[in-house]
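A.B. asks: fold the following and give me the result.
(one chain, ligands or ions: 1)
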Amino acid sequence: MAEEGVPVIRYEELPEGPAVVLLDQRRLPREETELVCTDVPALVDAIQSLAVRGAPVLGIAGGYGVALAAARGVDVADAAEQLASARPTAVNLAYGARRVEAAYREAARAGEGAGAAAVRALAQARALHREDAESSDRLAGHGSALLEELVPGGGLRVLTHCNTGRLVSGGEGTALAVVKAVHRAGALRRLWVGETRPLLQGARLTAYEAAKAGMAYSVLTDGAAGSLFASGEVDAVLVGADRIAADGSVANKVGTYPLAVLARHHRVPFVVVAPVTTIDPATASGCDIEVEQRAAHEVTVGPWGGSGLSEAEGEERRALAPVGAQAYNPAFDVTPSELVTAVVTDEGVASPVTAERLTELCSASRRR
Ligand code: MRU
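C.D. replies: Numbers count the residues shown, from 1 in each chain. All right, here's what the predicted structure looks like:
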C-alpha cells in the first residue's frame, strides 16, 4: 500500500518519445518535481547525482534504462554497461540492467526484430518494477513479525539510517516498509531518523516519508546516536542494504557500521531488511565489496539545491570547510554479519546470519 504522490519512477511515451520519468529526490522535501530522462546518459547522470537512489529502485531504473535504449534504437549492450556501472556498490543496479538486457538479447536471438525485442525489454522492466512492489509487502510482513518476537509488547522506538522507504522502491521500500507496518499496527512509539551526512537522506527523505505517514519521528545528527542508545531510547535498529556478500557482510549507507557497534554494545537488535536481489553470492566477503567514493564537496560544501546560486557562488557562500579542503567521503560502509541480529528478506529471515541460510533464501527466490 503506497502513499499517494508523484510516482518515484515511471516509463512513459511522451510527445518527445519514450522516457524514464523520476521524482527528483535531490529537490525533496522542498519540491516534488519530476525529472524527464529521454536518453541513457541523462539517466546515468540522474543515478550518479542521486536524483534516483536506493538499491531496489536503482535496479528498476537500470531496467527501464535498458528498455529506453532498446526503444530508442541505440546500442543496448553499451547502454546496459553504462547503467550497470553508474554506481558500484548497490548490486541491484547491475541486476536490473543485466536482466532486461538478457530479455532483449533472448528476443533478438529468437529472430524477433529490434522493435519486438524492445517490447520484450520493456515488459521485463515492468515485471521487475511489479515484483519489487510485491517484495516490499513481503518484507513488511516478515519484518514486523520478527520485531514482535524480538521486542514484544509494542511501543517501539526504532532507529533508522539513510532512506529505505517508498522513494527506494516500486512499493513501500525495505526497512521503512517494516516501520510503516509497525506504525499502522499502532505499535510504533517513535522513529529516530539519523540525518545521514553528507547528503541527508535521513533528514530530507525519511523525515519526509515519516511525516506523510503521520509517524511520531525525530531527526538526530549522526553523532548523537551514541547518547541516544546510552539513554535507553532505542528498542531496535532497522536499516536497508546495498549489497550483502555471501558471508553475510552488509554494505549500506556510511554510518551504518557504527550503529551496529553501538547496538551490540547496548544489546539492542540490529536488523537489516533487503530483498533477496540485494544478496550477491558472487561477492564472497565484505572486503570484496567495492565501496563508492564520492566527491569532497559533498562533505565540505553540503548537499545541492535550493541555494539559487550558481555552483561556484554556492560553493563559496555555503562552504562548511575552507575552500579546497580535502575530504574522506565513502558513500557506504560494511558491517560484518556477527553484528547483525537478522537479515529480513522477501523470502524469510536469516537469524543468525550465515552463508548457508542466505544461500537457502536465494534458492527459495529462484523457485518462486
Ligand atoms: O547513496 P544512496 O542514497 O543510494 O544509499 C542508499 C542506502 O544506503 C540505502 O540504505 C540502501 O540502498 C537500502 S534502500 C533499500
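A.B. asks: now do Val344 against the ligand, distance only.
C.D. replies: Taking C-beta to the nearest ligand atom, to the nearest Å as the measure, Val344 and the ligand are separated by 12 Å. The C-beta positions use only the backbone N, C-alpha and C, and glycine is treated the same way.
A.B. asks: ok, Ser85 next?
C.D. replies: Distance of Ser85 to the ligand, given as C-beta to the nearest ligand atom: 15 Å.
A.B. asks: all numbers from here: first residue = 805
C.D. replies: In the new numbering, first residue 805, that becomes Ser889.
A.B. asks: got the contact list for that residue?
C.D. replies: Ala898 (C-beta atoms under 8 Å, 6 or more residues apart in numbering).
A.B. asks: so what does it have for phi and psi?
C.D. replies: Backbone geometry at Ser889, expressed as degrees, to the nearest 10, gives phi -100, psi 10.
A.B. asks: Asp1150 contacts Ala944, correct?
C.D. replies: No - counting by C-beta atoms under 8 Å, Asp1150 sits too far from Ala944 to count as a contact (9.7 Å).
A.B. asks: just how off-centre is the lengthiest helix in the chain within its chain?
C.D. replies: If each helix of the chain is counted by residues according to DSSP state H, the longest one is helix 918-954. Using C-alpha atoms, centre = their mean, to the nearest Å, the mean C-alpha position of helix 918-954 is found 13 Å from that of the whole chain.
A.B. asks: how about the residues of the stretch 1005-1154 of the chain near the ligand?
C.D. replies: Proximity of the stretch 1005-1154 of the chain to the ligand, by C-beta under 6 Å from any ligand atom, involves residues Gln1005, Gly1044, Ala1045, Asp1046, Asn1056, Lys1057, Ala1135.
A.B. asks: most neighbours among those, please name it.
C.D. replies: Going through those with other C-beta atoms under 10 Å as the criterion, the one with the most neighbours is Gly1044, at 32 neighbours.
A.B. asks: wait, it touches Thr968, no?
C.D. replies: Yes - at 3.7 Å, Gly1044 counts as touching Thr968 under the criterion of C-beta under 8 Å.
A.B. asks: okay, and the common contacts of those two?
C.D. replies: Here Gly1044 and Thr968 have Gly858, Gly977, Thr978, Ala979, Val1077 as joint contacts, going by C-beta under 8 Å, 6+ apart.
A.B. asks: for the closest residue to the second one other than its chain neighbours, what are its contacts?
C.D. replies: Computed as C-beta to C-beta, 6 or more residues apart in numbering, the closest residue to Gly977 that is not its neighbour in sequence is Gly969, at 4.0 Å. If a contact means C-beta under 8 Å, 6+ apart, then Gly969 has Glu976, Gly977, Leu980, Ala981, Lys984, Leu1009, Thr1010, Glu1013 as its contacts.
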